[in-house]
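Participant: take this sequence and fold it.
(3 chains)
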Amino acid sequence: MTSTIVRTTTRVMLPFIIVFGIYVIAYGHISPGGGFQGGMILAGAAILLILSYGFDKPARFMSHLQSLESGGVLLFIFIGSITLLLWLPYLADLGIIPILNIIVAVKVFAGVTLIYVFIARWELPHD
Amino acid sequence: MIDYEPVLIVITPVIAASIISFLLPFLKTEKLQEIPKYIALTALALPLFYLIYLAPQISSSALEYRMGGWTAPYAINLVIDSFSYIFLLTASLITTLAFVFSMRDEKKSKGKFSFFFLLMVAGIYGVFLSGDLFNIYVFFELCVITSYILVTLGDQTRSLKAAFTYLILGSIASLFFLIGIGLLYLNTGALNIAHLSSLVSRLDTTVQIVVFIFLFGAVAVKAAIPPFHTWLVDAHSTAPSSVSAVLSGITVKIGLYIFLRVFSLGFGLQGITNLLLVLGVCAALGGVLFAIFEYDIKRLLAYHTISQMGFIVVGLGTFTAIGVAGGIYHIVNHAVFKGLLFLCAGSIIYRTGTKDIRKHGIGTTMPITLLTYLIAAFAISGITPFSGSVSKSMIEASISNYRLVGFLLTVTCIGTVTTFSKILYYSFIKTLKKDGVKQRFQEVPFGMQLSMTILAFFCIVLGVLPHLWLDTVIVPATSSITGGYSQISPQFFEPLGIVKEWILVGLGILFLLVVIKQRENVDKIRRKIKELHLNLKIVLMMGALTVIFLFFRVLH
Amino acid sequence: MINGMNIGIIMFLVGLFGMMTNKNIIKIIMSLTVAENGVLVFFISLGYVIGGQSPIITGDVTNPVDPLPQAMMITMIVINLCLTALALTIAAWIYHKYHTLNVEDIIDDRL
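Facilitator: Prediction:
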């Protein structure tokens, strides 16, 4: 899967996919899309990168991905609880939805890439 | 001031789980890897104490919390009312004690077990707390997906295939549930349970039949009612012991909880009682029959779960006040004593290293395990001062019109006594001699002993003081289902009942002697029971659903 | 006759049939995905109003389709993702351990 054609195509396509993903996240509260969908698109870009360039370089980032994912959950709950401090019900409409979108997108990106990395690791020759 | 109580119960395990997963890359040494277990223990004990503190408030009114501050009936709300309170209390007790049990048994899983266990508990609390049909589905999926993962963490030789079968069949159940919700929404336009209960009875009969079939299919797979039960034995027997206790005790009951919530919506169909009685009797007899042939201790207990669920379905199926009260009481009892039995089995396996009861031969060298096992066995057989007799007498009082059902349930009681005396005989009375020397086994560590003792204590308390529990928790629960506070006056501790029980015990021990004498034939029959493949299991489920659908069409 | 709900139910039944007859684990998981997507299509077309517009509040929207099933389905897509990821992980683990992907060939040692 790491031939020259695949690598060149990836190099050309990757910026467009990433920009489109960020667009979907940023406009999530007005038009269709949002945190989850944008995060999946970004994860698609990351998986494409891993598929076409091999596995050695991304292996360093795995523990960072795990911290990113669980930190994302804590951050989501924390920011959602800010409304609790103002004695309003949880997740009331205060205009924080775009921030929640970005947190969710980070978490989904980390999570889905981790899933791919963990499943793909079994296929590799052990070293 | 908004009352936050339901949210706190659900969110404590979730926050603890995310803290654990955040700390996971930082725990390098062995000593630090003990930290997730203590975090999880705190997060499991806090809702338990909180629920006990909330007890006086529940009996007066329901606690409701609306997400986002929207008004009913558009809001997604979390409700603690008297019906869900009893389930929440049982769930928190069993999960805390099962986790205490597993703290020593974890084989180097580095906090992953605690993480998934906490998420499963959050899912269980969420199912019991939600007042909205789709919210039940979301939390139900959380609970069930984490239980698939926990099943794979057990006994590695067989757990993968069992987890895969469980996954596929559970997903089919979830899809059926979702289609049922969709049809309900299409025809009534509401998803809130309190709001739906006034709208369902006005629907067309055909629509009611179809919705009932889909929802019943989902509920039956999760509650392991035959012929939908095929996933249960493999999944519960290959999971780790504490997870088996929680799965058999609580996760199986979630199906019945959803059943009661949905059928209190007021489906006006005629054949439901007959259908449930037939299926309940099939479950009870079939479970005990297969349990007699087994020699693996956890498979035996798992087949037995199917049998007891049959009892509960018979009790709930009559839809009378005493039947539903007996069913709910039996749900609580079964969670307690089946959890205790799985923990006993877990401690036996921990010390002897094998699941085959013919190779155990403990004798009296593990006294606490023996004592708690005896208490659980007496409770499950329905001997009088223990908890099983209360609920069984209530269920048998509710089916007094149906003689055949009563007779078959009595036969099931005999079979129950046989299977538990079988474990008693093989594991505890026969001592194993290795090279002529009697084996001595040590008792299990203190944490395991503590959980088993507390559960045995509850077995006794639930049986000796039935009126205390009935008046405070069970009767309010029943009145919110059958609507109307009818006078339930069961008679406990009557001498005729006690004589009948001991006659059943005697017959059971006689049958056990037959089984022991014919042990080679029993072994041959066991080997001949072939396992169905995954495809055939699904075909069986769909065939059964079609038959039930035709049954209802004929009746209307 | 051909509206979204019927197509959704047909897709669900096709997926169910696929789960009943396939022997390969990956094909069973793919049939599960088809069935889930069938339920998705069924739900989304529950809320369809004939001649309605998309329910996004910008500009003039006089006749929106029902947004509630769509919101439910976004949640369901996430749950299905978790389920499919878990199923594929278990399938990869089974292949690693038993070296076969046929459901009938996975022989466990029974007691």
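Participant: drop to CA atoms for contacts and neighbour counts, all remaining ones
Facilitator: Noted.
Participant: could you pull out the strands in the stretch 151-300 of chain B for me?
Facilitator: Shown for the stretch 151-300 of chain B, no strands are assigned by DSSP state E, counting those that start in this stretch.
Participant: how about the residues of it that lie near chain C?
Facilitator: For the stretch 151-300 of chain B, the residues in contact with chain C (CA under 8 Å from any CA of the partner chain) are B:157-158, B:160-161, B:164, B:167-168, B:171, B:175, B:178-179, B:182, B:186, B:295-296.
Participant: switch the cut-off to 7 Å
Facilitator: Counting by CA under 7 Å from any CA of the partner chain, the positions of the stretch 151-300 of chain B adjacent to chain C are B:Arg158, B:Leu160, B:Phe164, B:Leu175, B:Ile179, B:Gly182, B:Leu186, B:Asp296.
Participant: now chain B
Facilitator: B:145, B:158, B:160, B:164, B:175, B:179, B:182, B:186, B:296, B:533, B:535, B:538-539.
Participant: from the residues you listed, which has minimum pLDDT?
Facilitator: Across those, the smallest pLDDT goes to B:His533, namely 75.
Participant: shaky segments in chain C?
Facilitator: Where chain C drops to pLDDT under 70, the residues are C:57-60, C:107-111.
Participant: need the residue closest to the centroid of it.
Facilitator: Residue closest to the average C-alpha location in chain C (CA atoms, centre = their mean): C:Glu36, at 1.5 Å.
Participant: please identify which helix or strand holds that one.
Facilitator: If you go by DSSP states H and E, C:Glu36 is part of helix C:25-44.
Participant: helix or strand next in line after that helix, which one?
Facilitator: Per DSSP H and E, the first helix or strand lying C-terminal to helix C:25-44 is helix C:68-98.
Participant: find the closest residue to chain A in chain C.
Facilitator: The minimum distance from chain C to chain A, using CA to the nearest CA, falls at C:Thr89 (6.1 Å).
Participant: that residue touches A:Ile119, doesn't it?
Facilitator: Yes - look at C:Thr89 against A:Ile119 with CA atoms under 7 Å: they come within range, at 6.1 Å.
Participant: after the helix or strand of chain A with the lowest mean pLDDT, next one along is what?
Facilitator: Sorted by mean pLDDT, DSSP states H and E, the helices and strands of chain A end with helix A:62-85, the least confident at a mean of 69. Remark: after helix A:62-85, the chain's next helix or strand is helix A:97-120, criterion DSSP H and E.
Participant: and that following helix, what does it pack onto?
Facilitator: Contact here means 3 or more CA pairs under 7 Å, 6 or more residues apart in numbering or on different chains; DSSP states H and E; on that basis helix A:97-120 packs against helix A:35-53, helix A:62-85.
Participant: most packed of those?
Facilitator: Mean neighbour count (mean count of other CA atoms under 10 Å in any protein chain shown) peaks for helix A:35-53 among those, with a mean of 22.
Participant: now do it, average pLDDT.
Facilitator: 88.
Participant: contact residues of chain C facing chain B?
Facilitator: Residues of chain C lying near chain B (CA under 7 Å from any CA): C:19-21, C:36, C:39, C:43, C:46, C:83, C:90, C:94, C:104, C:108, C:111.
Participant: next, count neighbours for B:Val547.
Facilitator: 11 (other CA atoms under 10 Å in any protein chain shown).
Participant: if I look at it, how far off is B:Gly217?
Facilitator: Distance from B:Val547 to B:Gly217, counting by CA to CA, to the nearest Å: 12 Å.
Participant: dump the residue contacts of B:Lys298.
Facilitator: By CA atoms under 7 Å, 6 or more residues apart in numbering or on different chains, the residues touching B:Lys298 are B:Ser237.
Participant: returning to that earlier point: mind checking which of the residues of chain B next to chain C are buried?
Facilitator: Buried members of those, scored by 16 or more other CA atoms under 10 Å in any protein chain shown, are B:Ile145, B:Arg158, B:Leu160, B:Phe164, B:Leu175, B:Ile179, B:Gly182, B:Asp296, B:Asn535, B:Ile538, B:Val539.
Participant: tell me which of those fall in helices.
Facilitator: If you go by DSSP state H, these have B:Ile145, B:Leu160, B:Phe164, B:Leu175, B:Ile179, B:Gly182, B:Asn535, B:Ile538, B:Val539 in helices.
Participant: mind listing what residue 104 touches?
Facilitator: Chain wasn't specified; assuming chain A. Residues near A:Val104 by CA under 7 Å, 6+ apart: A:Gly35, A:Phe36.
Participant: sorry, should have said chain C
Facilitator: B:His533.
Participant: whichever residue of chain C sits closest to chain B: neighbour count?
Facilitator: Closest approach between chain C and chain B, counting by CA to the nearest CA: C:Met20, at 4.5 Å. Here the number of neighbours of C:Met20 (other CA under 10 Å) works out to 19.
Participant: so which of the helices and strands packed on helix A:97-120 gets nearest chain B?
Facilitator: Between chain B and the helices and strands packed on helix A:97-120, the tightest spacing by CA to the nearest CA is seen for helix A:62-85, at 4.9 Å.
Participant: residue of chain A closest to chain C, please.
Facilitator: Closest contact between chain A and chain C, by CA to the nearest CA, is at A:Ile119 (6.1 Å).
Participant: so that residue sits right up against C:Ala91, yeah?
Facilitator: No - taking contacts as CA under 7 Å, A:Ile119 lies outside contact range of C:Ala91: 9.7 Å.
Participant: comparing these two, which shows the higher neighbour count?
Facilitator: C:Ala91 (21 against 17).
Participant: what's the local residue count around B:Val288?
Facilitator: Neighbour count of B:Val288, defined by other CA under 10 Å: 27.
Participant: wait, it touches B:Thr418, no?
Facilitator: No - using CA under 7 Å, B:Val288 is not in contact with B:Thr418, being 9.2 Å away.
Participant: my read is that B:Glu501 contacts B:Ile383, right?
Facilitator: Yes - using CA under 7 Å, B:Glu501 makes contact with B:Ile383 at a distance of 6.3 Å.
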